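1. turn this into a structure:
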Amino acid sequence: MADETSIGTQRPVTPRIDAAAVGLLRRRSLANLSCMGHCAPAVIQTLLDASHIDAPGLVKACGGLPGGIGNAGEECGGVTAPLMLLGVRHAHDPLDNGVPVVVYKGHALLRRFTASHGTVLCREIRGTDRLPLRCVDVVRHAPEKYAGILGATTANAISDESKRAFRRLHQHFVENRFHCANAVLEQLRSTVSADEQLRDAMSGFVGGTVFTGRTCSALTAGVVTLGAALGGIEHSRFRVIRMIGLMVIGGDAFADNYNEFNKTMNRGHRLSRWFAEQLGSTQCRWITRCDFSTDSGVSQFIERGTIQRCRTLADRVALEVDRVIDASIRSS
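-> Numbers count the residues shown, from 1 in each chain. Just a heads-up that it's a prediction; the model follows:
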């Protein structure tokens with residue numbers, strides 16, 4: 001059985017976003033990146049620092065998100081890490097027009113991120129450069145995007161049509177007592193302790209990241225659980241410099257032994273490959289064949305009984321994650 005992961009129950013405060021505070025956030029982000037070496041952990045650590053929260057378990061849980069959720073090139077860690085903290089903050093807020101507040105906030109985050117970087121996909125940001133220099137800019141600015149969204153009105157982040165569709169889909173999930181990510185955490189409760197804060201952090205990972213049909217949220221939960229159960233935290237500038245040096249010469253900078261987060265990212269990558277082999281894709285919209293932003297897409301999802309397929313899929317992910325955790329513990 002894995003060691004229990006204690007994340008705590010503290011709630012994030014709203015970081016100040018005046019000019020001086022933005023400068024501090026940017027410098028803190030770069031400082032964390034320089035001793036962690038990966039995007040999502042550096043961003044979440046910066047946000048935790050700004051919120052005066054000590055939550056190493058949440059940092060470990062982010063360890064598999066770099067490289068686009070298990071190094072699969074999908075949603076950037078500069079999006080997924082802030083979305084986790086938005087979940088911690090807003091998971092228990094009253095619904096807004098029948099839609100969870102974290103969905104509004106998540107869509108606002110995606111819009112701001114896309115406006116800055118042209119995409120939310122890691123593979124498109126990173127490109128083919130040997131050194132991921134564009135990722136440095138992402139990490140530097142991601143915390144201020146989160147802070148800006150906290151203090152902003154986000155009701156217009158979703159179109160009226162999408163609000164109607166999301167409201168129906170959310171109600172369908174509630175009636176069937178199903179949430180993509182938390183279904184995986186629930187199945188793994190005897191293997192890894194998922195406290196309330198981790199469950200809250202995953203609240204925005206539903207319907208392929210706030211109902212956008214991107215990476216299956218059950219898969220994302222599996223990657224996060226691997227970090228929570230088995231991950232470590234890197235905090236060495238020397239080791240990060242060595243990792244960068246390996247990138248320069250074309251070496252295997254992401255080998256397990258060069259960075260504590262590499263281990264989780266690599267496990268997450270193997271889980272992502274397994275998932276794609278089993279389902280044909282990692283994308284929710286491809287698996288469900290539904291567009292959740294439209295009423296017709298939600299109708300198709302409901303009328304076809306697709307939620308049962310999603311429930312079975314979440315169970316399969318949980319079983320595979322449990323197998324990986326058990327094998328890792330036995331071999332350690």
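2. name the residue closest to the centre of this structure, please.
-> In the chain, the centroid-proximal residue (CA atoms, centre = their mean) is Thr80; its distance is 3.5 Å.
3. please name the nearest non-neighbouring residue to that one.
-> Spatial nearest neighbour of Thr80, excluding adjacent residues (CB to CB, 6 or more residues apart in numbering): Leu65 at 4.8 Å. All C-beta spots, glycine's among them, are computed from the backbone N, C-alpha and C.
4. please tell me how far the one you found sits from Gly297.
-> Distance, Leu65 to Gly297, using CB to CB, to the nearest Å: 27 Å.
5. buried residues, the helix or strand containing Arg167. List them.
-> If you go by DSSP states H and E, Arg167 is part of helix 160-175. The neighbour-count check on helix 160-175 (16 or more other CB atoms under 10 Å) flags 162-170, 173 as buried.
6. verify the contact between Glu124 and Gly118 for me.
-> Yes. The pair Glu124 and Gly118 qualifies as a contact (CB atoms under 8 Å) at a distance of 7.3 Å.
7. so if I had to pick from those two, which one is more boxed in?
-> Glu124 (14 against 10; other CB atoms under 10 Å).
8. so what's that one up against?
-> Gly118 (CB atoms under 8 Å, 6 or more residues apart in numbering).
9. recalculate using a threshold of 10 Å.
-> With contact set as CB atoms under 10 Å, 6 or more residues apart in numbering, Glu124 has these partners: 68, 73, 76, 117-118, 134.
10. now, those that are in helices?
-> 117, 134 (DSSP state H).
11. before we move on, the earlier item: what secondary structure does the residue nearest to the centre of the chain sit in?
-> helix (DSSP: H, G, I helix; E, B strand; the rest coil).
12. now swap in Lys263 and tell me
-> Strictly by three-state DSSP, Lys263 counts as helix.
13. would you mind measuring from it to Ser332?
-> Applying CB to CB to Lys263 and Ser332 gives a distance of 11 Å.
14. of those two, who's got more company?
-> Lys263 (23 against 6).
15. surely that one and Asn71 touch.
-> No. With contact defined as CB atoms under 10 Å, Lys263 does not reach Asn71; the gap is 11.9 Å.
16. between the two, what contacts are shared?
-> With CB under 10 Å, 6+ apart, Lys263 and Asn71 have common neighbours 64, 254.
17. follow-up on the earlier one: list just the nearest of the contacts of Glu124 to Val223.
-> Using CB to CB, Gly68 comes nearest to Val223 of those, at 10.6 Å.
18. now for that closest one: which residues touch it?
-> Gly68 touches 39-40, 74-77, 79-80, 120-126, 215, 269, 272, 282, counting by CB under 10 Å, 6+ apart.
19. okay, now the unreliable bits of the stretch 101-250 of the chain?
-> Along the stretch 101-250 of the chain, segments meeting pLDDT under 70 span 193-194.
20. helices of that one, residue ranges please.
-> Along the stretch 101-250 of the chain, counting by DSSP state H, counting those that start in this stretch, helices occupy 101-117, 122-126, 133-150, 160-175, 180-187, 196-201, 217-230, 237-249.
21. extract the C-alpha trace of the fourth one and format it as PDB.
-> What follows is helix 160-175, C-alpha atoms only, in PDB (Å, rounded to 0.1, in the frame of the first residue of the first chain):
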ATOM      1  CA  ASP A 160     -25.000  31.200 -23.900                       C
ATOM      2  CA  GLU A 161     -25.400  28.000 -26.000                       C
ATOM      3  CA  SER A 162     -22.500  26.400 -24.200                       C
ATOM      4  CA  LYS A 163     -23.900  27.400 -20.800                       C
ATOM      5  CA  ARG A 164     -27.200  25.600 -21.700                       C
ATOM      6  CA  ALA A 165     -25.300  22.500 -22.900                       C
ATOM      7  CA  PHE A 166     -22.900  22.400 -19.900                       C
ATOM      8  CA  ARG A 167     -25.900  22.900 -17.500                       C
ATOM      9  CA  ARG A 168     -27.600  19.800 -19.000                       C
ATOM     10  CA  LEU A 169     -24.400  17.800 -18.900                       C
ATOM     11  CA  HIS A 170     -23.500  18.700 -15.400                       C
ATOM     12  CA  GLN A 171     -27.000  17.800 -14.200                       C
ATOM     13  CA  HIS A 172     -26.800  14.500 -16.000                       C
ATOM     14  CA  PHE A 173     -23.500  13.800 -14.200                       C
ATOM     15  CA  VAL A 174     -25.000  14.800 -10.800                       C
ATOM     16  CA  GLU A 175     -28.100  12.500 -11.400                       C
END
